[in-house]
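**Q** Need a 3D model of the following:
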Amino acid sequence: MTKHQQQADSELHEDQLLNFLVNQLDEEVTLNLANNAEIDTEDIHEVLVGATADGTSISTLCNSSQDSPSANTILYHLRTKFEPERLERVANTLLRRDIVELLPEQVEVCADLHLRPYYGDEDDTENLYHSEAKRGTTAFHAYATLYARVKNKRYTLAVRRLEDGDTASSVLAEFFG
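**A** Residues are numbered from 1 along each chain as shown. Next up is the predicted model:
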């Protein structure tokens, strides 16, 4: 069979999933980049999706990939162009949009706290989460996740960025509200 005669298989391939997720982000999250920007919105979304899929940081992904823009460029645009609250709403809508219909009526629901150490300038920690010292810092990029567990698989239902003053009970109340 020649390349053009091959039929589509029923498997989902990594590049198809990457393209789907990047397209979803492009539709839901608009970024206003300058006309002379080094990168475009799709570049940013590809790095975000890639880092998430690899379970790694933006810096690690950009440093290990020859095709990626610089980590500093991506991080600059994330800090200056994204509205965290809007992004959180969009992400949670996308997470729940299709999965809720697929889950059984009763599921085990779990929540996790994730702390990613921040080693940058101490003057830039205003929107970060502060906790007892771990890995040489007290400032963290922190988020909580809510997920359903079905047959030992996790299905993320919501993500919430944490700031100082957030408590476990207030975050859980938001998740369940």
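**Q** mind listing the strands for the chain?
**A** 108-117, 129-134, 137-150, 153-162 (DSSP state E).
**Q** Of those, give the one that comes closest to R79.
**A** strand 137-150 (11.4 Å; Cβ to Cβ). In this view, the C-beta of every residue, glycine as well, is placed from N, C-alpha and C.
**Q** That closest one packs against which elements?
**A** strand 108-117, strand 129-134, strand 153-162, helix 168-176 (3 or more Cβ pairs under 8 Å, 6 or more residues apart in numbering; DSSP states H and E).
**Q** out of those, deepest packed?
**A** Comparing the helices and strands packed on strand 137-150 on average neighbours per residue, with mean count of other Cβ atoms under 10 Å, the densest one is strand 153-162 at a mean of 16.
**Q** Can you list the neighbours in contact with stretch 79-99?
**A** 24, 28-29, 31-33, 127, 148, 155-161 (Cβ atoms under 8 Å, 6 or more residues apart in numbering).
**Q** quick check: mean pLDDT across the longest helix along the chain?
**A** Determined from DSSP state H, the single longest helix within the chain is helix 84-102. What helix 84-102 shows for mean pLDDT is 74.
**Q** Now do the buried residues in that helix.
**A** For helix 84-102, a neighbour-count test (16 or more other Cβ atoms under 10 Å) marks L87, E88, V90, A91, N92, L94, L95 as buried.
**Q** That concludes my questions; thank you for your assistance.
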